[in-house]
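K.L.:
Next come a sequence and a model predicted from it.
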There are 4 protein chains.
Amino acid sequence: MENKQTSMDRINQFRDDRNWRQFHNEKDLALSISIEAAELLEIFQWKTSEEALADFEHLKEEIADVLIYSYMLADNLKLDIDTIIQEKLIKNNRKYPVDQSRGLK
Amino acid sequence: MENKQTSMDRINQFRDDRNWRQFHNEKDLALSISIEAAELLEIFQWKTSEEALADFEHLKEEIADVLIYSYMLADNLKLDIDTIIQEKLIKNNRKYPVDQSRGLK
Amino acid sequence: MENKQTSMDRINQFRDDRNWRQFHNEKDLALSISIEAAELLEIFQWKTSEEALADFEHLKEEIADVLIYSYMLADNLKLDIDTIIQEKLIKNNRKYPVDQSRGLK
Amino acid sequence: MENKQTSMDRINQFRDDRNWRQFHNEKDLALSISIEAAELLEIFQWKTSEEALADFEHLKEEIADVLIYSYMLADNLKLDIDTIIQEKLIKNNRKYPVDQSRGLK
């Protein structure tokens, strides 16, 4: 059923439908993440956060683009998104213990 | 129960435990996504995709960092990750129809 | 005389003619350098160096944009371009001595 | 004499002394510019412009790194820095005429 598809399923279907995986080497996917991250950043250029939020539809699309390429790279490497996030949070937790990091910048 | 937490729950708990949301304005989160994307890109500097994959643990961590900041920015904007990905794929689908885009670069 | 102007003179004249220095805080200039660097990078997306060179006019413009914002940021900080380049090369020279770095990646 | 060397001369001597031009394909140079731009941006992460200026030595070095890689890429393409900057300013001047752009953001 449609609504059982995960985001990863949908992303992979999108690229497989177009036979695009042949172009999706990991270096160019990493490069694409940087490019999309900069397009997101551009929404904030010469602006405060509040001013940038007026461009809400554009923000949604650019965050989605960063996520889509990040998911593709993870999938190329057979990585599970939730697992790598959880592992990184565990590592960050050791680096920034709650009692020493609370409210510090 | 621990294993019912989503990645978004874990990320929000991490920043709330440290009272870090006060620093997490949207402009600096966008900036952080670009910085982490560049750290990921650095793994591929002067290398082929294959050579970069040797640094697998580092790759996992930098992809996770891009994702974590992207999730934080989405959460600040009350956006659901799966919804914005799905909406962007629908838009991309209109821009790149399967029958006209198949195998094209 | 026109041809005695340096690139820095021309860049400053451009922004002063438009009264744009008021917007050119250092954080947004740094952000602009990242954005322009990503536009340059985009020329190489899914391509080899050789393929990207076909887009030569575009390459020239994007390199110029990175330089223009970098010069503006340097000027905001009262830095001389040639001096900071020379100082950095001296530092790099200590980090990568010729006899230990020759031909190494 | 040493002081007749231009920045471009010094940069090229640095890479030729180490026989590094073999690694300096244009795609990886573009990638390096993005990486250095993000290291510059990191100085401003979670900070105002004023707070970031406290890290002045670091700022000088990161601006220099962006410039050094931009000069290398320009040199690979046989481009003259001052010429491409001047050409881009002429183009920007047409896009943003003084009388219509003065003081506008």
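P.N.:
Received the coordinates, thanks. In this text the structure is predicted, and so the values were computed from the model without any measurement.

K.L.:
what comes up buried for the helix or strand where A:R94 lies?
P.N.:
Per DSSP states H and E, A:R94 falls inside helix A:81-95. Using 16 or more other Cβ atoms under 10 Å in any protein chain shown as the test for burial, helix A:81-95 gives A:81, A:84-89, A:92. C-beta here means a position set from N, CA and C on the backbone, and glycine is covered the same way.

K.L.:
From these, pick out the ones that also neighbour chain B.
P.N.:
A:81, A:84-89, A:92 (Cβ under 8 Å from any Cβ of the partner chain).

K.L.:
so is A:Q13 in a helix, a strand, or just coil?
P.N.:
helix (DSSP: H, G, I helix; E, B strand; the rest coil).

K.L.:
hmm, stretch A:17-30 in reach of chain D?
P.N.:
No - with Cβ under 8 Å from any Cβ as the criterion, chain D is not reached by stretch A:17-30; the gap is at least 8.5 Å.

K.L.:
Apologies, that question was intended for stretch A:54-61.
P.N.:
No - using Cβ under 8 Å from any Cβ, stretch A:54-61 stays clear of chain D, coming no nearer than 13.4 Å.

K.L.:
Give me the contact list for that stretch.
P.N.:
Under the criterion Cβ atoms under 8 Å, 6 or more residues apart in numbering or on different chains, residues A:40, A:43, A:52-53, B:77, B:79, B:84, B:87-88, B:91 lie in contact with stretch A:54-61.

K.L.:
Check which residues of that stretch are buried.
P.N.:
Neighbour counts over stretch A:54-61 (16+ other Cβ under 10 Å) mark A:59-61 as buried.

K.L.:
Please work out the average pLDDT along the longest helix along chain A.
P.N.:
For chain A, the longest helix by residue count, based on DSSP state H, is helix A:56-76. Averaged over helix A:56-76, pLDDT sits at 98.

K.L.:
any idea of the angle that helix forms with helix A:81-95?
P.N.:
Between helix A:56-76 and helix A:81-95, the angle comes out at 90 degrees (axes from the mean of the first three to the mean of the last three Cα atoms, to 10 degrees).

K.L.:
Give me the buried positions along helix A:56-76.
P.N.:
Buried residues in helix A:56-76, counted by 16+ other Cβ under 10 Å: A:59-75.

K.L.:
Likewise for stretch A:22-34?
P.N.:
Buried, per 16+ other Cβ under 10 Å, within stretch A:22-34: A:23-34.

K.L.:
Quick one: residues contacting the spatially most central residue of chain A.
P.N.:
Nearest to the mean C-alpha position of chain A, by Cα atoms, centre = their mean, lies A:L67 at 2.7 Å. Contacts for A:L67 (Cβ under 8 Å, 6+ apart) come out as A:7, B:67, B:70, B:81, B:84-85.

K.L.:
Equivalent analysis for A:A30, please.
P.N.:
For A:A30, the contact set (Cβ under 8 Å, 6+ apart) comprises A:73, B:37, B:40-41, B:43-44, B:52.

K.L.:
Tell me the one of these nearest chain D?
P.N.:
Distance to chain D across those (Cβ to the nearest Cβ) is lowest for B:L41, with 5.9 Å.

K.L.:
Taking their axis directions, whatever helix or strand that closest one lives in and helix C:26-42 sit at what angle?
P.N.:
Assigned by DSSP H and E, B:L41 belongs to helix B:26-42. Angle, helix B:26-42 to helix C:26-42, by the same axes, to 10 degrees: 40 degrees.

K.L.:
Now the element after helix B:26-42, going C-ward?
P.N.:
Defined by DSSP H and E, the subsequent element after helix B:26-42 is helix B:49-52.

K.L.:
residues of that following helix that come out buried?
P.N.:
Those would be B:A52, for helix B:49-52 by 16+ other Cβ under 10 Å.

K.L.:
on that earlier part again, for the helix holding A:R94, name the packing helices and strands.
P.N.:
Helix A:81-95 sits against helix A:56-76, helix B:7-17, helix B:56-76, with contacts defined as 3 or more Cβ pairs under 8 Å, 6 or more residues apart in numbering or on different chains; DSSP states H and E.

K.L.:
To B:Q100, which of those lies closest?
P.N.:
helix A:56-76 (19.9 Å; Cβ to Cβ).
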